[in-house]
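**Q** here are the coordinates; sequence isn't available:
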């Protein structure tokens, strides 16, 4: 019997119980997805997040990246410096504001993100295949709601 199985389950009929179950489930899933990263991937999670943002949003300023990740610009600058020194991003002056720098992902950065996503998506697809059709349907309904919850301030 595992620790998770020994824990009392929350009353899903209440918002507090639902919150507790969602928090625990999402955190366990996150840990599993992190564990499925390729062992040769030396990039940190924050670095992978920045590369993922650049894939999804295109070129961004350091300030935009910092706001998106809710970190201070100096912290984002350190992350970008590491990514640049490893060849995953490049920087160029902003076209209209000389005080800012625009960060762009390189082919190596894009390849790292796509390989990481593919590996973790493959693991998750295998787990989903083990679920019943009704469970997969419930997750299809829940996925956009979970995404919206994640974006709420």
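**A** It's in. This one's a predicted model, so the numbers in the text were calculated from it and none came from an experiment.
**Q** quick one, what contacts the residue most central in space within the chain?
**A** Against the mean C-alpha coordinate of the chain, by CA atoms, centre = their mean, the closest residue is residue 49 at 5.5 Å. For residue 49, the contacting residues are residue 69, by CB atoms under 8 Å, 6 or more residues apart in numbering. (C-beta placed from N, C-alpha, C; glycine too.)
**Q** chain center to the helix or strand harbouring it, what's the gap?
**A** Secondary structure from DSSP states H and E places residue 49 in helix 45-57. On the basis of CA atoms, centre = their mean, to the nearest Å, helix 45-57 is displaced by 8 Å from the centre of the chain it belongs to.
**Q** mean confidence for the following helix or strand past it?
**A** Proceeding C-terminally, helix 45-57 gives way to strand 60-61 as the next helix or strand, assigned by DSSP H and E. Per-residue pLDDT over strand 60-61 has a mean of 96.
**Q** kindly report the same for stretch 124-133.
**A** Mean pLDDT, taken over the full extent of stretch 124-133, equals 96.
**Q** measure that stretch end to end?
**A** Between the opening and closing residues of stretch 124-133 there is a gap of 15 Å (CA to CA, to the nearest Å).
**Q** now do that stretch: everything it contacts.
**A** Judged by CB under 8 Å, 6+ apart, the contacts made with stretch 124-133 from elsewhere in the structure are 33, 136, 139.
**Q** and stretch 99-118, by the same measure?
**A** Contacts of stretch 99-118 from elsewhere in the structure, counted by CB under 8 Å, 6+ apart, are 37-38, 41, 43, 48, 50-52, 54-55, 59-63, 65, 80, 83, 87-95.
**Q** report the buried residues of it.
**A** Applying a neighbour-count criterion of 16 or more other CB atoms under 10 Å, the buried positions in stretch 99-118 are 102-103, 105-106, 109, 112-113, 116.
**Q** just the buried ones from the contacts of stretch 99-118?
**A** Neighbour-count burial within the contacts of stretch 99-118 applies to 37, 43, 48, 50-52, 54, 60-62, 65, 80, 83, 88-89, 91; the criterion is 16+ other CB under 10 Å.
**Q** which residues does the closest residue to residue 123 other than its chain neighbours contact?
**A** Excluding the flanking residues, the one nearest residue 123 by CB to CB, 6 or more residues apart in numbering is residue 36, at 4.4 Å. For residue 36, the contacting residues are 119-120, 123, by CB under 8 Å, 6+ apart.
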